[in-house]
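*Asks:* Okay, predicted coordinates and the sequence, questions at the end:
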Amino acid sequence: MSPLIFICAFLSFFIAVLLTPWLIHYLKRIGLLVRDANKKDQPLVPLSGGPAVFSGFFVGIMFFIFYRTFFSKGESVLFLDGQSLVLLFAGITTILIVTFIGFLDDLVIKPSKESSHGLRQWQKPLLTLAASVPLMVLNAGTDVMALPVLGKVQFGILYPLLLVPIGIVGASNMVNMLAGFNGMETGIGMITVGMLGLYAFVHERWVAALIAAIMVPALLAFYIYNRYPAKILAGDSLTYLIGATIGVVAILGNLEKAALIISIPFFIEFVLKARKKFHVDSYGYWKDGKVQSKYDKIYSIPHLFTIHGKYTERQISCLVMGIFLLFSLLIWVI
């Protein structure tokens, strides 16, 4: 692997770890705070980590492109040709648009300080649909998809015009369904994006591998502040960013099968919450140092561990991340 990637990854981490404390201070100044529901006193914590993570990722990617442009002396770096760089910019643009949409949703906080509600439910998929346009117009990816059970299926023009937008909208919104515990969303992002990136690298899907390799260090930097006890919460800006990154890596790397396998827990989460018509929270409430579910049935994956009130918030985050790690490992054997 080129040393350049390690330099870009370090820059991504450094910028994100440098900007996150500033972002925490800024969010406090503008009053963008929500209650940390699983704590005893439900302290108010800044919300919206997407800007810091994207900034780190952006600097890392731009340094890579800068080096390739001015110092590679005509040789391809990581086998990326001109067309690959065009697709790379399309992927960056999609992630940027989705992060901005998530930040818009974070900007308005409910009077109860329980959560944000800047966008209506129908507006979120509609706006994230626009984020898929850069990939659609470039006909990103390949129209032959390797799917579980079905094998290889050729979709033709339906791939860029139908499946790409469905993929970006679905991926952007799916991570947001499973949120509410310190460090959990960021940890899930590191696991899923990191494993997809490694899979892309092994199969020589260089654009997808590059995006993942530079995104994961930025997520790791944010995790330092987002882990229990969180100094800042992920917010929609980060959950949307993570989802969009999964979608972009899958499309640009033709890794739809792997992405679907990794996303199985999100599909399970969708089914569980559909039983309650999505009027349900994944998080619970503090009781004797543990997190207790607000429901008597399981309507979310974390409810597996909160329904009996035996686990701490830190433990629940680790257990849920363990579930995602298990499904992420399945891409190597299925």
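*Replies:* Noted; the coordinates are in hand. Residues are numbered from 1 along each chain as shown.

*Asks:* For the stretch 51-200 of the chain, which segments count as strands?
*Replies:* Applying DSSP state E, counting those that start in this stretch to the stretch 51-200 of the chain gives strands spanning 144-147, 151-154.

*Asks:* Mind telling me which of those the model trusts least?
*Replies:* Ranked by mean pLDDT, the strands of the stretch 51-200 of the chain bottom out at strand 144-147, with a mean of 69.

*Asks:* dump the residue contacts of the closest residue to Gly289 other than its chain neighbours.
*Replies:* Excluding the flanking residues, the one nearest Gly289 by Cβ to Cβ, 6 or more residues apart in numbering is Thr312, at 6.4 Å. C-beta here means a position set from N, CA and C on the backbone, and glycine is covered the same way. Taking Cβ atoms under 8 Å, 6 or more residues apart in numbering, we find Thr312 in contact with 289-291.

*Asks:* Tell me the one of those nearest Val98?
*Replies:* Val98 has its nearest neighbour among these in Val291, at 29.5 Å by Cβ to Cβ.

*Asks:* Identify the residues contacting stretch 208-217?
*Replies:* Residues contacting stretch 208-217 (Cβ under 8 Å, 6+ apart): 5, 8-10, 12-13, 16, 53, 56-57, 60-61, 64, 78, 80, 88, 91-92, 190, 193-194, 196-198, 200-201, 245, 248-250, 252-253, 255.

*Asks:* which intervals of the stretch 151-300 of the chain have sub-threshold pLDDT?
*Replies:* Where the stretch 151-300 of the chain drops to pLDDT under 70, the residues are 151.

*Asks:* longest helix in the chain, by residue count?
*Replies:* Across the chain, the longest stretch assigned as helix under DSSP state H is helix 3-29.

*Asks:* Could you list every helix and strand in contact with that one?
*Replies:* Helix 3-29 is packed against strand 44-46, helix 50-71, helix 206-226, with contacts defined by 3 or more Cβ pairs under 8 Å, 6 or more residues apart in numbering; DSSP states H and E.

*Asks:* and these, which is most packed in?
*Replies:* helix 206-226 (a mean of 25; mean count of other Cβ atoms under 10 Å).

*Asks:* what ranges do the helices span in the stretch 201-334 of the chain?
*Replies:* For the stretch 201-334 of the chain, helices defined by DSSP state H, counting those that start in this stretch occupy the ranges 206-226, 235-252, 256-262, 264-274, 303-306, 313-329.

*Asks:* Pipe those into CSV and attach distance to Lys124 per row.
*Replies:* Listed next are the helices of the stretch 201-334 of the chain as CSV, based on distance: least, Cβ to Cβ, whole Å:
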stretch, distance to Lys124
helix 206-226, 22
helix 235-252, 8
helix 256-262, 20
helix 264-274, 15
helix 303-306, 23
helix 313-329, 22
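
*Asks:* Figure out which of these is closest to Ile30.
*Replies:* helix 235-252 (13.3 Å).

*Asks:* any idea how far the closest one is from the chain center?
*Replies:* 4 Å (Cα atoms, centre = their mean, to the nearest Å).

*Asks:* Of all residues in this structure, which one is nearest the centre?
*Replies:* Nearest residue to the geometric centre of the chain (Cα atoms, centre = their mean): Ile242, 1.2 Å.

*Asks:* ok, for that residue, nearest residue in space, not its chain neighbours?
*Replies:* Nearest non-adjacent residue to Ile242 (Cβ to Cβ, 6+ apart): Gly189, at 3.7 Å.

*Asks:* how near is the one you found to Gly309?
*Replies:* Remark: distance between Gly189 and Gly309 (Cβ to Cβ, to the nearest Å) = 27 Å.

*Asks:* For these two, work out which one has more neighbours and name it.
*Replies:* Gly189 (29 against 16; other Cβ atoms under 10 Å).
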